[in-house]
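Participant: I need the structure of the sequence given here:
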Amino acid sequence: MPPDVRPVVVASHPRSGTHLLIDTLRRQFEACRSWKWPGERLDRLYCNIDELPGEGLLDANTARRILRRTERPVVKTHGGPGYQTAFLDSHAGGLGSQWVQWLNDHSVRFYVYRDGRDVLCSYQLFRQSFDPSARVPVGEFLRQSDRGVSRVRRWARHVRTWIDQPDVHAVRFEDLLEAPEKVLRRLGNALGESLRERTPLLPRPFRSIWESRWARLFQMRPQSTAIINGGSKNWKECFAHEDRAFFREEAGDLLVELGYEESETWVSSHR
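Facilitator: As a prediction, this is how the structure comes out:
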């Protein structure tokens, strides 16, 4: 059985600000402030529900041990609202029904989203380290099939599916970066928890892979759990006109709905 705690779900499409939100919750809300043993992996500071039950990744006993370390443990997922299908760590048959019911009954759920053009540029860089098919021009990556649809359409479906859930609190990644005070107040209200107001308000990301390894080996409560990506791309420099048109065709007017564009003129813009 899952433990008697009140989880905080952080859901997202990969490369959307997942770890920034996880680490902000850990930093600013005492009830979310978990810990790990020195030498334990950084992902033991939260519970990656997409790995449960895992084949050598995360077994039920380890998950329960992680979750018991604090009153409001953070649960990470890239899956859908039913916790059945993830991106990288999918489990056969989906998450067990007891765990799904526990999350549905006891959790507060946040969904963090980001401009999909930036998301997919970052996602391509992330995948290139282990997926040879991602080592292609951006336009080709956008058009690759991902569970029967393009990567753009899958991003759009993921966002729409989550933000349409009545009990989900949507968090815009860019707002968290630019106006953290306002976002933190909303997070606190949703959680019913007092804000610690630690400064700086946001956690500092690792500056190198060596700093990340040091935190894993020697720290119990490192600020960051972020995955080092090793590079960045500007979609405005990478997207050809036909890529812009393809993105618009596959995502519809989602960028406008989310406030990233005022109209669809961005498709033909030279900026």
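Participant: what stretches of the stretch 151-271 of the chain score poorly on pLDDT?
Facilitator: Residues of the stretch 151-271 of the chain that meet the criterion pLDDT under 70 lie in 230, 270-271.
Participant: For it, which segments count as helices?
Facilitator: Using DSSP state H, counting those that start in this stretch, the helices of the stretch 151-271 of the chain run over 151-163, 173-178, 180-191, 209-218, 235-238, 241-251, 254-257.
Participant: Show me what counts as buried in stretch 52-72.
Facilitator: Under the neighbour-count criterion of 16 or more other C-beta atoms under 10 Å, stretch 52-72 has 52, 58, 63, 66, 67, 69, 70, 72 buried. The way it works is simple: take the backbone N, C-alpha and C, and place the C-beta from them, glycine included.
Participant: Out of those, which two sit at the greatest distance?
Facilitator: Longest distance between any two of the buried residues of stretch 52-72 is 19.3 Å, between 58 and 72; criterion C-beta to C-beta.
Participant: May I see the helices of the stretch 151-271 of the chain organised as a markdown table, with mean neighbour count and distance to residue 115 added?
Facilitator: Converted to a markdown table, these look like this (neighbours: other C-beta atoms under 10 Å; distance: least, C-beta to C-beta, whole Å):
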| stretch | mean neighbour count | distance to residue 115 |
| --- | --- | --- |
| helix 151-163 | 20 | 10 |
| helix 173-178 | 16 | 7 |
| helix 180-191 | 16 | 16 |
| helix 209-218 | 14 | 26 |
| helix 235-238 | 14 | 8 |
| helix 241-251 | 17 | 11 |
| helix 254-257 | 18 | 7 |
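Participant: Make a markdown table out of the ones you listed and add distance to residue 78.
Facilitator: As requested, those are arranged in a markdown table below (distance: least, C-beta to C-beta, whole Å):
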| stretch | distance to residue 78 |
| --- | --- |
| helix 151-163 | 8 |
| helix 173-178 | 14 |
| helix 180-191 | 20 |
| helix 209-218 | 20 |
| helix 235-238 | 21 |
| helix 241-251 | 18 |
| helix 254-257 | 18 |
